[in-house]
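Engineer: predicted model and sequence below, questions to follow.
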Amino acid sequence: MTGLQIFKLLPNTNCKECGYPTCLAFAMKLAAGKEALQKCPHASEEAKAALGAASAPPIRGVKLGVGDRAIAIGEETVFFRHEKTFVHHPGLVRRLDPTTLSDAQLGERLDDWAAVRIERAGEVFRVDGVALVEPADRSRGVAAAAAVAARGLPLVVLAASVDGAAAMVEAGKAQRPVLVPPASGRTDGAYVKLAVSAKIPLVVTAPDLDGLVAVAVEAAGAGVAELLLEPQAADLAALHRDLSQIRRGALDRVHPGLAHPVFLRVGPGELERAVVGVTKFASLVAIADDGGDTWLPLWTLRQNIYTDPQKPLQIEPGVHALGEPDDRSPLLVTTNFSLTYFIVATEAEGTGVPCHLAVVNAEGLSVLTAWAAGKLSGDRVAQGLRELGALDKVSHRTVIIPGYVAAISGELEDALGAGWHVITGPQEASDLGAFFRDVWSQVSQA
Ligand code: SF4
């Protein structure tokens, strides 16, 4: 539907509750697939019915797994992140072949994977799920699928046979597994039937994009509610091209067969294939790694691309103990912009001087930006320190502020009240060691 056709179905009151100044502006965004009709609380049932297709995201959503480790993929609305934002980051699942593993080895490996938890810049990196290879021994496949599901990990079944896959799907049904038929050729109708009967997502594949569209339409017509597309590009250039064409075609609503998230397999030693997938729109990547340095670079790359440009990366305000500080340790102040926090915390820890680091809420802005925006005034810092209980942590009644905001020291001292002193720290966190040695040592002995 065009923007004008959609506009005729809206209330035309220009109430602005959708975040747009007029109904027409909102209608234009709906027509471009960049907004959801739900944002208009006054849309009639008639409009909702008529606009259902027009207001749906151009790429359908798929949910993997259940519970607190479930991940959502798809629902993307833009080609470039800066146009608005990417909605979901790609799920990175780890391929596991249980063929040669004993039950104990399998359980140990899954426990290790489930326990991975690395925090970086406010995001927790975890193994998003397990892509299980169907082994020749059906009982091994069933045991492995049950073991993955028992640990609450999203499950992807890399099928070799319909019957074997059906047994694994049944064993792992608590996690609503994603069914991936063998990589070559058109998707067998038997896999479509299995996905329909088990009500699970299905990956469809074909040698070229025309074929991929055809099998996707066929599977959707047969009743598969959640689909993923797997291109069969032979090399990285072709993969880049196919992934870009699928995304562009989906966003432009060229064909309903393209309106699905993309699945990608990555073999051992094919890190660059994973990189292309993460950077160019793959929504679910099954990675067969060698257990080496695959994951941290990929998680970091993903984090850098899939953050929301509309929201600064920020961490929760709070008081962080660096080392084992006591009431005589320095009390440093910084903002809750992630990058600022991690730089200051890392440099402060590196000095070996235990200290309290009070992270005040500056709406995710860095020190100078926050100050320029009026978010890091003396009054706000004093209020933040009180709310965080930071002032109760020290007996010396001294607060150290970043060197870039020396201008707020007087106002902050007034706001903190009698008996409190504010001293100006270094502008760069890398100079904290010299500051503790040359300045803090004098202050703390005074
Ligand atoms: Fe129009 Fe609905 Fe937006 Fe109000 S909320 S301006 S009625 S589209």
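Structural biologist: Received the coordinates, thanks. Residues are numbered from 1 along each chain as shown.
Engineer: confirm that residue 72 sits in a strand.
Structural biologist: Yes: Residue 72 forms part of a strand when assessed by DSSP: H, G, I helix; E, B strand; the rest coil.
Engineer: distance of it relative to the ligand?
Structural biologist: As judged by C-beta to the nearest ligand atom, to the nearest Å, residue 72 and the ligand stand 26 Å apart. Bear in mind the C-beta positions are built from the backbone N, C-alpha and C, glycine included.
Engineer: same thing with residue 361?
Structural biologist: Distance, residue 361 to the ligand, by C-beta to the nearest ligand atom: 30 Å.
Engineer: now do that residue: how many residues are near it, please.
Structural biologist: 21 (other C-beta atoms under 10 Å).
Engineer: show me the contacts for it.
Structural biologist: 317, 336, 384 (C-beta atoms under 8 Å, 6 or more residues apart in numbering).
Engineer: how about residue 27?
Structural biologist: Applying C-beta under 8 Å, 6+ apart to residue 27 gives the contacts 3, 4, 6, 7, 10.
Engineer: show the pLDDT at it.
Structural biologist: For residue 27, the model assigns a pLDDT of 88.
Engineer: where exactly do the helices run in the stretch 51-200 of the chain?
Structural biologist: Using DSSP state H, counting those that start in this stretch, the helices found in the stretch 51-200 of the chain span residues 103-115, 138-150, 162-171, 189-198.
Engineer: who wins for neighbours among the contacts of residue 361?
Structural biologist: For those, the largest number of neighbours (other C-beta under 10 Å) sits with residue 336, at 24 neighbours.
Engineer: what sits closest to the residue of the stretch 301-446 of the chain found nearest the ligand if chain neighbours are left out?
Structural biologist: Using C-beta to the nearest ligand atom, the closest approach of the stretch 301-446 of the chain to the ligand is made by residue 310 at 19.4 Å. Take residue 310 and drop its neighbours on the chain: the residue closest to it by C-beta to C-beta, 6 or more residues apart in numbering is residue 85, 5.8 Å away.
Engineer: ok, now residue 34?
Structural biologist: Closest to residue 34 by C-beta to C-beta, 6+ apart is residue 77, at 5.3 Å.
Engineer: contacting residues around that neighbour?
Structural biologist: Residue 77 touches 33, 34, 57, 58, 59, 84, 87, 251, counting by C-beta under 8 Å, 6+ apart.
Engineer: sorry, back to before: pLDDT, secondary structure and distance to the ligand for the contacts of residue 27 - can I get that in CSV?
Structural biologist: Listed next are the contacts of residue 27 as CSV, based on pLDDT from 0 to 100; DSSP: H, G, I helix; E, B strand; the rest coil; distance: C-beta to the nearest ligand atom, whole Å:
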residue, pLDDT, secondary structure, distance to the ligand
3, 83, helix, 12
4, 86, helix, 14
6, 87, helix, 10
7, 88, helix, 9
10, 91, coil, 5
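Engineer: is the residue of the stretch 301-446 of the chain closest to the ligand in contact with residue 83, as I believe?
Structural biologist: No: between residue 310 and residue 83 there is no contact under C-beta atoms under 8 Å: 11.0 Å.
Engineer: what are the phi and psi values at the most centrally placed residue in the chain?
Structural biologist: With distances taken as C-alpha atoms, centre = their mean, residue 89 lies nearest the centre of the chain, 4.4 Å away. Backbone torsions for residue 89, taken as degrees, to the nearest 10, come to phi -80, psi 160.
Engineer: could you do residue 285 as well?
Structural biologist: Note on residue 285: its backbone torsions stand at phi -120, psi 120 [degrees, to the nearest 10].
Engineer: and residue 438, how many residues sit next to it?
Structural biologist: Applying other C-beta under 10 Å, we find 10 residues neighbouring residue 438.
Engineer: whoops, residue 196 was the one
Structural biologist: 15.
Engineer: ok, now how distant is it from residue 29?
Structural biologist: Residue 196 sits at a distance of 35 Å from residue 29 (criterion: C-beta to C-beta, to the nearest Å).
Engineer: next: residue 402.
Structural biologist: Remark: distance between residue 402 and residue 29 (C-beta to C-beta) = 40 Å.
Engineer: rewinding a little: ok, and the most crowded of the contacts of residue 77?
Structural biologist: Ranking those using other C-beta under 10 Å puts residue 59 first, with 26 neighbours.
Engineer: got phi/psi on that residue?
Structural biologist: According to degrees, to the nearest 10, residue 59 has phi -120, psi 120.
Engineer: can you list the domain ranges for the protein.
Structural biologist: 3-55, 62-306, 318-445 (automatic domain parsing).
Engineer: just the endpoints, please. Distance across the last one?
Structural biologist: Right, domain 318-445. End-to-end distance for domain 318-445, by C-alpha to C-alpha, to the nearest Å: 27 Å.
Engineer: which strand or helix spans residue 334?
Structural biologist: Applying DSSP states H and E as the criterion places residue 334 in strand 331-335.
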